[in-house]
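**Q** build me a structure from this.
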Amino acid sequence: MRTLLFGILLMLAVAPVKANEFHVILNGKAIHLSKGNFNEKNYGLGFEYDFSPKNNWITFINGSAFKDSNNNTSNYLGGGMKRRFQLENNPKGWHADVGWIAFLMTRMDYKNDKPFPGILPVASIGKQWFALNATFIPSVSPKHKNLFFFQVMIRVAEF
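**A** The predicted structure is shown next:
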């Protein structure tokens, strides 16, 4: 766990000091890849703070609270990097991002709500002010199933 925290702090230390964008995240949907009685309306609220892009790479911090697959509140805080691919010649036009996030998370049904580390792939597609984020979450135990998790990200400030 110390290694994960050190990695996040190191990543933030080498990121540009000036922030580029602040986003509000609306959590909303999970799609479980196996049958079961799961909550797939994972409503919640979060944020993403994107640092200035460097060579199409964006360093970010991200955190959120949401209702998990068992209707319990889950929280996470982490940071990562994503590669931006412009889908139009206009920098304000459509883009796709692909990357990863390392995080600390709490879940009532996993490790008794104590923080645990994780790392997941992230992808998004959007425009300058709006994006649809997605991640794949693999099964971490027999009671936790593979799923896709979706969020809507809305830019609220640019620096």
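
**Q** could you list the low-pLDDT ranges of the protein?
**A** Scanning the chain for pLDDT under 70 picks out the ranges 1-19, 142.

**Q** wait, residue 109 touches residue 74, no?
**A** No. Assessed by C-beta atoms under 8 Å, residue 109 is found out of contact with residue 74, at 9.1 Å. For every residue, glycine as well, the C-beta is placed using N, CA and C.

**Q** more neighbours: which of the two?
**A** More crowded of residue 109 and residue 74, by other C-beta atoms under 10 Å: residue 74, with 21 against 14.

**Q** buried ones in the helix or strand where that one lies?
**A** Secondary structure assigned from DSSP states H and E places residue 74 in strand 73-86. Residues of strand 73-86 classed as buried by neighbour count (16 or more other C-beta atoms under 10 Å): 74, 75, 76, 77, 78, 79, 80, 81, 82, 84.

**Q** next one: stretch 25-36
**A** Neighbour count says stretch 25-36 has 25, 26, 27, 28, 29, 30, 32 buried, by 16+ other C-beta under 10 Å.
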